[in-house]
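Asks: This is the structure alone, sequence omitted:
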């Protein structure tokens with residue numbers, strides 16, 4: 001290859017790289033300044049708290065100890 005072909009390919013390569021790198025990142029998020037603060041953490045949703053309380057109530061009502069004997073056991 002002569003100098004002219006090499007320089008033409010180099011210019012085309014530089015233009016292609018510039019075009020491909022021109023697009024920005026669209027999925028970026030800005031963080032608030034107090035991101036590390038404990039008060040900025042999300043609390044549990046009311047539905048989650050209600051379900052957790054119901055499950056705890058159901059589990060408290062389960063009998064403990066061996067199962068009763070009799071027919072079918």
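Replies: Sure thing, it's come through. In this text, all values refer to a predicted model and were calculated from it rather than measured experimentally.

Asks: quick one: low-confidence ranges for this structure?
Replies: 1, 23-43, 61-65, 70, 72-73 (pLDDT under 70).

Asks: ok, which stretches of it are helices?
Replies: 3-20, 46-60 (DSSP state H).

Asks: Out of those, the one nearest residue 67 is which?
Replies: helix 46-60 (16.9 Å; Cβ to Cβ). The C-beta positions use only the backbone N, C-alpha and C, and glycine is treated the same way.

Asks: And the contacts of that closest one?
Replies: residue 44 (Cβ atoms under 8 Å, 6 or more residues apart in numbering).

Asks: So for that helix, what gets flagged as buried?
Replies: By 16 or more other Cβ atoms under 10 Å, helix 46-60 has no buried positions at all.

Asks: any chance of the helices of the chain in TSV, plus distance to residue 71?
Replies: Listed next are those as TSV, based on distance: least, Cβ to Cβ, whole Å:
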stretch	distance to residue 71
helix 3-20	77
helix 46-60	27
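
Asks: Tell me how far residue 6 lies from residue 14.
Replies: Separation of residue 6 from residue 14 (Cβ to Cβ, to the nearest Å): 13 Å.

Asks: Same check on residue 49?
Replies: 58 Å.

Asks: Ok, residue 71 next?
Replies: Taken as Cβ to Cβ, the span from residue 71 to residue 14 is 87 Å.

Asks: Give me the more crowded residue out of those two.
Replies: residue 14 (10 against 4; other Cβ atoms under 10 Å).

Asks: Next, count neighbours for residue 19.
Replies: 9.

Asks: for residue 17, that is, sorry about that
Replies: 10.

Asks: For residue 60, see how far away it is.
Replies: Computed as Cβ to Cβ, the residue 17 to residue 60 distance reads 66 Å.

Asks: cool, residue 2 as well?
Replies: In terms of Cβ to Cβ, residue 2 sits 87 Å off from residue 60.

Asks: Same question for residue 46.
Replies: 21 Å.

Asks: repeat for residue 22
Replies: From residue 22 to residue 60 the distance is 62 Å (Cβ to Cβ).

Asks: before we move on, what about residue 53?
Replies: 11 Å.
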